[in-house]
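In: please find the sequence and the predicted model below.
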Amino acid sequence: MTAVTKAVRGHPAIARAMLYGGAQGLAEARLSNVKRLRKAGIVCPITLIRTPMLSQVDDVVQICEASYNTEITVIAALAAAALRHNMVHGIILMVEMGDLREGIMPRDLGDIGQQVVDMPGVALKGIGANFACLSGIAPTAAKMQALSVLADDTEGQCGPFLQTISGGNSANLSWVFDARVTGRINDLRLGEAILLGVDPITGDQIGGMYRDAFTLVAEVIETDAKSVRPLVGSADHILARIRLVPDASETTRIILAIGNQDTDVAGLSMPPGNTHIGATSDHLVVGTKDPALGVGSEMRFQMNYSALMRAMAAPDIQTNLRNDRPAPNARDVQSPSRHLALV
Ligand SMILES: *Cc1c(COP(=O)(O)O)cnc(C)c1O
């Protein structure tokens with residue numbers, strides 16, 4: 001298992017917890033997050049799972065052991081950068097298997113693999129696939145079997161043993177729990193499942209995992225007994241004749257100091273007895289039956305992946321860790337990797 005830290009913007013303490021929990025390495029989509037991890041002293045292997053930008057290849061080879069790639073131009077630039085820094089950079093080729101986001105078409109894989117093998121400065125480390133990201137195509141046993149066959153074919157065509165056959169992300173978990181045979185697949189890149197404890201395809205809790213490892217806390221800034229229904233503008237002469245009666249329920253509107261600039265408001269789950277009325281960039285309006293929610297009091301929300309990712313990256317959201325303690329024997333703190341330079 002490779003743990004993906006992008007949803008927590010490469011938060012070092014969370015990355016350490018993932019390693020302590022058994023992850024074999026970390027994966028990141030953004031180089032800035034990798035730098036944050038390295039600056040915090042994390043020395044485990046880190047793989048860049050988004051195709052590197054040409055403008056960043058020098059940093060990529062210095063702080064990432066390997067990267068996922070789909071473009072031979074980028075691989076050639078990584079190879080040249082690796083040679084400049086006297087290193088060998090690992091290449092994992094991403095194969096397109098139906099999600100239609102990133103990837104090399106399977107028929108081109110052998111050819112590109114061969115070019116990588118022939119290029120000094122890079123080493124062909126493996127192949128990978130990604131599912132259920134852009135088009136929601138779920139990984140089936142047949143797709144996984146096809147990826148295993150592609151691994152064998154690529155080895156047959158290009159020569160070297162492929163160390164990593166990465167089957168996908170959290171959407172692969174039900175396959176891996178059900179599969180009697182996992183074939184050549186020996187790695188999954190997991191973010192959402194670890195952080196939120198849910199299967200992204202079904203939304204179901206994964207047995208034994210917590211769903212509330214993250215909580216978003218927002219402060220109430222207005223409690224006004226406004227009707228939960230918007231008042232109709234009297235400029236509209238037909239609607240002006242409708243008499244508004246006070247809402248009989250005990251629901252009142254409160255305003256919280258959080259908005260679309262801080263999180264994906266649609267991805268917050270409302271505590272029982274509360275309803276989402278609307279949100280703007282900086283305000284969240286909630287209908288509540290809880291009379292205890294006065295100005296200055298706090299409301300707590302669980303987040304989905306998109307809400308979590310944005311909250312963790314928002315400058316006005318403070319991240320507080322509870323019960324944070326240094327993880328003993330964490331794999332990453334044992335011995336510094338020889339070929340890594342901190343930038
Ligand atoms: C984000 C990402 C992952 C992790 O996905 P989760 O759904 O969080 O498990 C894995 N692989 C790639 C290429 C990604 O971009």
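Out: Thanks, I have the structure now.
In: pLDDT below threshold where in the stretch 101-250 of the chain?
Out: The stretch 101-250 of the chain contains residues with pLDDT under 70 at 133-137, 225-249.
In: quick one: the helices in the chain?
Out: 12-20, 31-39, 57-63, 72-84, 106-117, 141-158, 173-178, 192-196, 237-240, 305-313 (DSSP state H).
In: so which of those gets nearest the ligand?
Out: Among the helices of the chain, helix 192-196 comes nearest to the ligand, with 3.6 Å by CB to the nearest ligand atom. Where you see a C-beta, it was placed from the backbone N, CA and C, and this is true even at glycine.
In: contacting residues for the residue of the stretch 101-250 of the chain found nearest the ligand?
Out: Closest approach of the stretch 101-250 of the chain to the ligand (CB to the nearest ligand atom) occurs at residue 191, with a separation of 2.6 Å. Residue 191 is in contact with 3-7, 169-170, 305, counting by CB atoms under 8 Å, 6 or more residues apart in numbering.
In: my guess is residue 193 contacts residue 173. True?
Out: Yes: contact status for residue 193 versus residue 173: in contact at 5.5 Å, counting by CB atoms under 8 Å.
In: hey, what's in contact with both of those two?
Out: Here residue 193 and residue 173 share the contacting residues 199, 206, scored by CB under 8 Å, 6+ apart.
In: list the contacts of residue 275.
Out: With contacts defined as CB under 8 Å, 6+ apart, residue 275 is in contact with 228, 251, 286-288.
In: what does the stretch 51-200 of the chain put close to the ligand?
Out: Applying the criterion CB under 6 Å from any ligand atom, the portion of the stretch 51-200 of the chain that neighbours the ligand consists of 130, 169-170, 189-193, 200.
In: nearest to residue 207, of those residues?
Out: Within these, distances to residue 207 taken as CB to CB reach their minimum at residue 193, with 11.4 Å.
In: residue contacts, the closest residue to that closest one other than its chain neighbours?
Out: By the measure of CB to CB, 6 or more residues apart in numbering, the closest residue to residue 193 outside its immediate chain neighbours is residue 170, 3.8 Å from it. Under the criterion of CB under 8 Å, 6+ apart, the contact partners of residue 170 comprise 188, 190-194, 199-200.
In: now the contacts of residue 275 in a markdown table, with distance to the ligand and neighbour count?
Out: Formatted as a markdown table, the entries for the contacts of residue 275 read as follows, by distance: CB to the nearest ligand atom, whole Å; neighbours: other CB atoms under 10 Å:
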| residue | distance to the ligand | neighbour count |
| --- | --- | --- |
| 228 | 36 | 15 |
| 251 | 36 | 19 |
| 286 | 28 | 26 |
| 287 | 32 | 20 |
| 288 | 32 | 22 |
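In: of those residues, the lowest pLDDT goes to which?
Out: Across the contacts of residue 275, the bottom pLDDT score, 53, is held by residue 228.
In: what's the local residue count around residue 323?
Out: The tally of other residues near residue 323 (other CB atoms under 10 Å) stands at 4.
In: go ahead and confirm residue 110 touches residue 152.
Out: No: the criterion here is CB under 8 Å, and residue 110 misses it with residue 152 at 11.2 Å.
In: quick one, which of those two is more surrounded?
Out: Set residue 110 next to residue 152 and count neighbours by other CB under 10 Å: residue 110 wins out with 16 against 13.
In: how about the nearest residue to the more buried one, chain neighbours excluded?
Out: If the residues on either side of it in the chain are set aside, residue 110 comes closest to residue 157, at 3.8 Å by CB to CB, 6+ apart.
In: dump the residue contacts of the one you found.
Out: Applying CB under 8 Å, 6+ apart to residue 157 gives the contacts 110, 113-114.
In: how much space between it and residue 256?
Out: In this structure, residue 157 and residue 256 are 58 Å apart, going by CB to CB, to the nearest Å.
In: same check on residue 200?
Out: Separation of residue 200 from residue 256 (CB to CB): 27 Å.
In: now do residue 129
Out: To residue 256, residue 129 is 41 Å away according to CB to CB.
In: give me the neighbour count for residue 86.
Out: 8.
In: what about residue 162, neighbour count?
Out: Other residues within reach of residue 162 by the criterion other CB under 10 Å amount to 20.
In: name the nearest residue to it, ignoring sequence neighbours.
Out: With sequence-adjacent residues excluded and distances taken as CB to CB, 6+ apart, residue 162 is closest to residue 126, at 4.8 Å.
In: nothing else from me, thank you.
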